[in-house]
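Participant: One predicted model, sequence on top.
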Amino acid sequence: MTGVRGLTNPRRLLVTGLVTATWCALWADLSFANVVSGVLVGVAITSAGIGTEVRGSVRVVPLVHLGWLVLLDLIASTASVAREVLTPTDHTDEGIIAVRLPVDSRRHLLLLTVAITVTPGTAVVDVDPDTSTFYLHLLHIDRREEVAAHAIELAELACRGLPTTTTWAEAVS
């Protein structure tokens, strides 16, 4: 039995808040009814045990760092794609690469798929959850090492910010 302490678990509060925000965004309306129903959906999801295990704690500093990198990537990606569209010559040299992320990162597949997709000139085309391998389409294949290193950095931040039963050190060894 979790009791009141289980209801105030930082991870559970974070998930409920994110579900509520997503719920309101999907309805495109920040109304009292949408917030209340979003909270109810979030509580139902966390109570049912859907998603990753609720162990460990939320670590704010790595999550803020992850959010900051994703925001910067989103801005850079928008500028990069706009530049490619607006320039008369095609400077793209496309390709698909496989990036194997640490095993523990498979617990954060959705978060990492979104975070990696906003990396400039990058889109996740497939994920193998058994091997934690992401297949990425790149507009500029010559940036493959830089993109792979960036994806690993995002995975590390996600694993540090939302730790699960396996620690980061155990996942990479």
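Facilitator: Okay, I see it. Numbering: from 1, shown residues only.
Participant: longest helix of the chain?
Facilitator: helix 60-86 (DSSP state H).
Participant: That one - contacts with which helices or strands?
Facilitator: Helix 60-86 is packed against helix 109-117, helix 144-161, with contacts defined by 3 or more CB pairs under 8 Å, 6 or more residues apart in numbering; DSSP states H and E. Quick note: C-beta positions are derived from backbone N, CA and C, even for glycine.
Participant: which non-adjacent residue is nearest the spatially most central residue of the chain?
Facilitator: The centre of the chain sits closest to residue 111, judged by CA atoms, centre = their mean, with a distance of 1.9 Å. Spatial nearest neighbour of residue 111, chain neighbours left out: residue 158 (5.4 Å); criterion: CB to CB, 6 or more residues apart in numbering.
Participant: any residues touching stretch 109-121, and which ones?
Facilitator: Contacts to stretch 109-121, defined as CB atoms under 8 Å, 6 or more residues apart in numbering, come from residues 66, 69-70, 73-74, 76-77, 79-81, 84, 92, 101, 105, 122-124, 127, 129, 134, 136, 138-140, 143, 147, 150-151, 154-155, 158, 162.
Participant: Buried subset of those residues as a ChimeraX selection?
Facilitator: Command for ChimeraX that selects the buried part of the contacts of stretch 109-121, burial taken from 16 or more other CB atoms under 10 Å:
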select :66,69,70,73,77,80,101,105,122,123,124,127,134,136,138,139,140,143,147,150,151,154,155,158,162
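Participant: what about this protein, any weak spots by pLDDT?
Facilitator: 1-8, 48-57, 165-173 (pLDDT under 70).
Participant: so residue 164, which of the three states?
Facilitator: Under the three-state scheme (DSSP: H, G, I helix; E, B strand; the rest coil), residue 164 adopts coil.
Participant: Name the helix or strand for residue 17, please.
Facilitator: Residue 17 is part of helix 10-27, with elements assigned from DSSP states H and E.
Participant: Who are the packing partners of that helix?
Facilitator: Applying 3+ CB pairs under 8 Å, 6+ apart, one finds that helix 10-27 makes contact with helix 32-48.
Participant: Packing partners of the helix it packs on?
Facilitator: Packed next to helix 32-48, using 3+ CB pairs under 8 Å, 6+ apart, are helix 10-27.
Participant: Good, wrapping up.
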